[in-house]
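> sequence and predicted structure, then a few things I'm wondering about:
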Amino acid sequence: MRLTSIKSGIALGGAGIAMMSILSGCSAEQQEQQQQNKFLVIEQQDNGKYTVVEEMPTDGPSRAIIREKDENGNVTERFMNEAEMKALAEQEYQKVQDGTSETVQSGGGDGGMGLAGTILAVAAGSLLGNMIGNALMNNKNFAQNAATTNRSAYSRTTSGTSSTSSNKKSFFGGSSTPTKTTTSTTTSSTSGSYGG
């Protein structure tokens with residue numbers, strides 16, 4: 001009888017360890033997604049708002065290319081480094097705290113958001129830290145706005161189906177160079193959730 005209780009205790013202990021490793025693995029993957037530095041291509045829409053059209057994890061510092069239209073409708077591109085992105089994200093986070101940020105308004109990201117809101121929505125964890133990123137993503141409006149503002153294939157891949165990080169990295173294995181375009185096409189498909 002004593003041997004039976006020892007065996008069942010071992011079995012339960014083994015199951016508990018397996019469950020803990022599964023949970024911690026999921027948590028570690030979410031933290032990796034939140035904290036991983038990002039290379040973004042952010043595009044200005046016809047309404048003046050911005051959406052993310054490309055997102056790639058990067059081993060280097062976070063950075064972005066901002067595509068905007070001038071008064072003649074020509075697309076120009078400018079580079080934004082991590083310090084500039086962080087400054088904008090911090091400004092927008094202050095607005096989150098006083099409740100004035102469009103990132104926490106219902107339906108705020110439907111047609112895109114301002115540049116600072118877009119950067120905060122997509123890169124809060126990597127720019128401001130995992131605790132802030134997780135707290136923001138726990139806000140239903142913020143999570144929904146982040147999902148609708150991010151139209152990149154990477155976002156759809158990571159939020160729609162779970163895949164291993166090696167698959168995510170190989171998805172963007174090649175290098176891409178910005179193309180000069182004068183028109184912008186956007187698809188209206190959006191994912192229902194972000195992160196998970």
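The structure has been received and is ready for your questions.
> wait, residue 128 sits on residue 93?
Yes: using CB atoms under 8 Å, residue 128 is in contact with residue 93, at 6.2 Å. For glycine as for every other residue, the C-beta is placed from the backbone atoms N, C-alpha and C.
> mutual contacts of those two, please.
Common neighbours of residue 128 and residue 93, counting by CB atoms under 8 Å, 6 or more residues apart in numbering, are residue 120.
> okay, now the unreliable bits of this protein?
Along the chain, the parts satisfying pLDDT under 70 run over 1-35, 158-196.
> change it to 80
For the chain, applying pLDDT under 80 flags the ranges 1-35, 107-110, 154-196.
> that one: strands as residue ranges?
38-44, 50-57, 63-69, 75-80 (DSSP state E).
> would you mind measuring from residue 131 to residue 125?
Residue 131 sits 9 Å away from residue 125, going by CB to CB, to the nearest Å.
> which one of the two has more residues nearby?
Neighbour count, other CB atoms under 10 Å: between residue 131 and residue 125, residue 125 has more, with 24 against 10.
> quick check: the more buried one touching residue 133?
Yes: taking contacts as CB under 8 Å, residue 125 lies within contact range of residue 133: 2.7 Å.
> what residues of stretch 144-158 count as buried?
Going by neighbour count (16 or more other CB atoms under 10 Å), the buried part of stretch 144-158 is 144-152, 154-158.
> export that stretch as CSV, just CAs?
Only the C-alpha atoms of stretch 144-158 are listed here, as CSV (Å, rounded to 0.1, in the frame of the first residue of the first chain):
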residue,chain,number,x,y,z
GLN,A,144,-7.4,45.1,-30.3
ASN,A,145,-6.0,48.4,-31.5
ALA,A,146,-2.5,46.9,-31.7
ALA,A,147,-3.9,44.0,-33.8
THR,A,148,-5.7,46.2,-36.3
THR,A,149,-2.8,48.7,-36.6
ASN,A,150,-0.3,45.9,-37.4
ARG,A,151,-1.0,44.6,-40.9
SER,A,152,2.3,42.7,-41.3
ALA,A,153,2.5,39.1,-42.3
TYR,A,154,4.7,38.4,-39.2
SER,A,155,1.9,39.7,-36.9
ARG,A,156,-0.7,37.5,-38.6
THR,A,157,1.7,34.5,-38.3
THR,A,158,2.5,34.9,-34.6
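> doesn't residue 61 make contact with residue 38?
No: Residue 38 lies out of contact with residue 61 (CB under 8 Å); the separation is 9.7 Å.
> neighbour count winner among these two?
residue 38 (24 against 14).
> now that one: how far from residue 54?
10 Å.
> ok, which stretches of this protein are helices?
2-35, 82-98, 115-128, 130-137, 140-149, 153-160, 165-171 (DSSP state H).
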